[in-house]
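Visitor: Sharing a model prediction with you, sequence too.
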Amino acid sequence: MVKAIVAGAGGRMGGRIINMITATKGIELSGAFERPDSDTVGKDAGVVAGIGELGVPIADSIDKVIDAGDVIIDFTFHEATVKHAEKAAEKAKAMVIGTTGFSPEEYSRIEALSKSFPCVLAPNMSVGVNLLYKLLEMAAKVLGDDYDVEIVEAHHRMKKDAPSGTALQLGKVVAAALGRDFDKVAVFERHGLIGERSRQEIGIQTIRAGDIVGEHTVLFGGIGERVEITHKASSRDTFAKGAVRAAIWVKDRSAGFYNMQDVLGLS
């Protein structure tokens, strides 16, 4: 039985992860924590998640619960996640990270820390999105440089980072398949008299509105036709389900840096 600790247990994503843990065989909730100023601290994690008492109170720090579990599932905030990863490295606890918005330095820090613990980090835990990566790699290689590439992502108004981590990963997958350096060809904003579009650039456009869970479209625009590949998430449960699957998978892995492609056997 995998014993899971949920970071950000009082939030929307934390609640969905707790729900998914209780509905999945082979894993159980053994710990939960939040920021010290959260009004959910001290409350039962199951009650906060809307599924009734589980006998697991929400603590005010990772230190209070880290010894209670095997795997930490973290969908919180990039700065906090790095600190949680440092604690995981100290205790050699496995970790599943779905947090986005990392700076290059923060990302490198977690990758370096993973030499001391097994870590699955993915901007999107959805099985469908991870299949999408494979489909895009195939499409980009077939369509080649004759097709312009544009990525459009849409999320709810509360999302703090833009573009989404998933949109960035989609761009990196396409760029790699086309033999381009993503950091050099990515275009995140267009305004005014921008001139003709270059053949190499990959555009990424962001929409923030209402309660959109997550939508990503990659458009390959050619002369006379276009190909669009879209993934739409209608519930956070798709991310929670993937995270729980990753937690079960990573528990007995050796220290290292993994992604959902590894979890799903697609790498």
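Guide: Looks like it came in fine. Numbering: from 1, shown residues only.
Visitor: how about the strands of the stretch 151-267 of the chain, start to end?
Guide: With DSSP state E, counting those that start in this stretch, the ranges of strands along the stretch 151-267 of the chain come out as 186-187, 202-208, 214-221, 226-233, 256-258.
Visitor: Tell me which of those strands sits nearest to Leu29.
Guide: Ranking the strands of the stretch 151-267 of the chain by proximity to Leu29 (C-beta to C-beta) places strand 256-258 first, at 22.3 Å. C-beta here means a position set from N, CA and C on the backbone, and glycine is covered the same way.
Visitor: gap between that closest one and the chain center?
Guide: Chain-centre distance of strand 256-258: 15 Å, with C-alpha atoms, centre = their mean, to the nearest Å.
Visitor: what lines up beside that strand in the sheet?
Guide: Counting by DSSP bridges, the strands paired with strand 256-258 are strand 118-121 (parallel).
Visitor: what sits against Val85?
Guide: Residue 85: Ala, not Val. Applying C-beta atoms under 8 Å, 6 or more residues apart in numbering to Ala85 gives the contacts Asp74, Met95, Ile97, Arg109, Ile110, Leu113, Ser114, Cys119.
Visitor: Can you pull the domain assignment for this structure?
Guide: Annotated domains of the chain cover 2-121+236-263, 127-233 [automatic domain parsing].
Visitor: what's the spacing between Gly8 and Ser116?
Guide: Plainly put, Gly8 is 23 Å away from Ser116 if you go by C-beta to C-beta, to the nearest Å.
Visitor: Looking at these two, which is more packed in?
Guide: The neighbour comparison of Gly8 against Ser116 (other C-beta atoms under 10 Å) goes to Gly8, with 26 against 17.
Visitor: That one contacts Ala45, correct?
Guide: No: if you go by C-beta atoms under 8 Å, Gly8 and Ala45 don't touch, sitting 11.0 Å apart.
Visitor: How about the secondary structure of the residue most central in space within the chain?
Guide: With distances taken as C-alpha atoms, centre = their mean, Pro123 lies nearest the centre of the chain, 2.6 Å away. Look at Pro123: counting by DSSP: H, G, I helix; E, B strand; the rest coil, its state is coil.
Visitor: pull the longest helix from the chain.
Guide: helix 127-143 (DSSP state H).
Visitor: Fine by me, thanks again.
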